[in-house]
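Here you go, sequence then predicted model.
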Amino acid sequence: MAVLTLIWGTSFILIKKGLVVFNSDELGAMRIVIACASLLPFAVANLRKVERHRWKFLLASGLLGNLFPAFLFAYAETHLASGLAGVLNSLTALFTLLIGALFFRQQITWLRMVGIVVGMAGTAMLIFSGGGGTNLSNMRYGLFIVVATICYGGSANIIKYRLQGIKPIVMSSLALLTVGPMAAAYLFTTNVSAKFAYAPGAWEAFLYIAILAVFSTAVGLILLNKLIQISTPVFASTINYLIPVVALLWGVLDGETIHLWHYVSMVVILAGVFIVNRAR
């Protein structure tokens, strides 16, 4: 859990560094292509070891847990501080519960509903907490991260209820294999090759994206699946309390301005996550 916290907490600053040269679409596509390539040997070796009817769930997990969030987070961080993006990411726990209740027949108690409401209130506070007339911009770009966390919640439920029994590295590699070709096809329509040739700092930005792809996407996905298998869901979900702290620390070290109201909003969001995870 500690390793996963550091990996995912650092991902938001890596996205920010990659966006210095590449636009959000290029970054999102490269992230998926590199992550897919890094696990390709495992995917090829296990192509025939998964039942045919499970491939649709692997595709859904690849889209919701990898492809869509890669683009959504990158686009949001073109105008949103990386530390605040990390805080909003904690909403994943709330949407995992909601989607489980709506589509997978999981029970939801009144206390957990209170936690969801508290978490949403904190999100609204954070999104509207900009200064100097930037509230509308914060709302727009913050909502992209909210959509990404909804995707993560959907993927988590698919993994839990439709892909049980598949080894973490097999599940991760095959899910990435289903979306890697899509990202690669899109990447060929962009201006990435020209940027490598002429844009100053392109290779340095690419290094940040490669680290993001290999560790935050490929290795992080394997670790999360393993963590869910060897522990309880409650224990695994405690990572949502720790990732925002790491993300905010990286943001502050990189010179981002975090206001008191942002910290208050973060506490409210994490309080909602805490209530959801501890409620019975």
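Yep, that arrived.

Excluding sequence neighbours, find me the nearest residue to Pro69.
Counting by C-beta to C-beta, 6 or more residues apart in numbering, Pro69 lies nearest to Ala148, which is 4.1 Å off, once chain neighbours are set aside. Placement of C-beta: from N, CA and C, glycine included.

give me every residue that touches the one you found.
Counting by C-beta atoms under 8 Å, 6 or more residues apart in numbering, Ala148 touches Phe68, Pro69, Leu72, Phe73, Ala76, Asn89.

List the contacts of stretch 188-197.
Contacts for stretch 188-197 (C-beta under 8 Å, 6+ apart): Val21, Phe22, Asp25, Glu26, Ala29, Met30, Ala202, Trp203, Phe206.

Which secondary structure state does the residue positioned nearest the centre of the chain sit in?
Central residue of the chain (C-alpha atoms, centre = their mean): Pro69, 5.8 Å from the mean position. Using DSSP: H, G, I helix; E, B strand; the rest coil, the structure places Pro69 in helix.

Let's see the pLDDT reported for the residue in the chain sticking out farthest from the centre.
Distance to the chain centre peaks in the chain at Tyr198, reaching 30.8 Å (criterion: C-alpha atoms, centre = their mean). We have a pLDDT of 93 for Tyr198.

Same check on Ser90?
Looking at Ser90, its pLDDT reads 82.

Just the element for the nearest residue to it once chain neighbours are set aside, please.
Nearest non-adjacent residue to Ser90, counting by C-beta to C-beta, 6+ apart: Asn240, 4.4 Å away. Here Asn240 sits within helix 239-253, counting by DSSP states H and E.

For the residue nearest to the centre of the chain, give its distance to Leu88.
Counting by C-beta to C-beta, to the nearest Å, the separation of Pro69 from Leu88 is 12 Å.

repeat for Leu174
Applying C-beta to C-beta, the value for Leu174 to Leu88 is 29 Å.

Phi and psi next, for Val21.
Dihedral pair for Val21: phi -110, psi -50, per degrees, to the nearest 10.

Low-confidence regions, the stretch 51-200 of the chain specifically.
Along the stretch 51-200 of the chain, the model assigns pLDDT under 70 to residues 129-138.

how about the strands in it?
Here the stretch 51-200 of the chain has no strands by DSSP state E, counting those that start in this stretch.

now stretch 4-20: how far from the chain's centre is it?
Centre-to-centre, stretch 4-20 and its host chain are 10 Å apart (C-alpha atoms, centre = their mean, to the nearest Å).

sorry, that was for stretch 34-45
Relative to the chain's own centre, stretch 34-45 is displaced by 20 Å; criterion: C-alpha atoms, centre = their mean.

Please apply the same query to stretch 66-86.
Relative to its chain's centre, stretch 66-86 lies at 8 Å (C-alpha atoms, centre = their mean).

How about Val21: what's its closest non-neighbour residue?
Spatially, and ignoring its direct neighbours in sequence, Val21 is nearest to Ala205 (3.9 Å; C-beta to C-beta, 6+ apart).

Repeat that for Ser216.
Using C-beta to C-beta, 6+ apart and skipping the chain neighbours, the partner closest in space to Ser216 is Ser11 (3.8 Å).

neighbours around that neighbour, how many?
Using other C-beta atoms under 10 Å, Ser11 has 27 other residues around it.

That one touches Leu212, doesn't it?
Yes: counting by C-beta atoms under 8 Å, Leu212 is a contact partner of Ser11 at 5.7 Å.

Quick one: residues contacting Ala70.
By C-beta under 8 Å, 6+ apart, the residues touching Ala70 are Leu27, Gly28, Ala29, Arg31, Ile32, Ala183, Thr217.

circling back to that earlier point, and Leu174 and Leu88? which has more neighbours close in?
Each of Leu174 and Leu88 has its neighbours counted (other C-beta under 10 Å); Leu88 has more, 29 against 25.

I'd like the distance between the residue nearest to Ser216 and Val114.
30 Å.

Now do whichever helix or strand Ile209 is part of: distance to the chain's middle.
In this assignment (DSSP H and E), Ile209 forms part of helix 202-211. Chain-centre distance of helix 202-211: 19 Å, with C-alpha atoms, centre = their mean.

packing partners for it?
When contacts are defined as 3 or more C-beta pairs under 8 Å, 6 or more residues apart in numbering; DSSP states H and E, helix 202-211 sits against helix 2-18, helix 24-38, helix 192-198.
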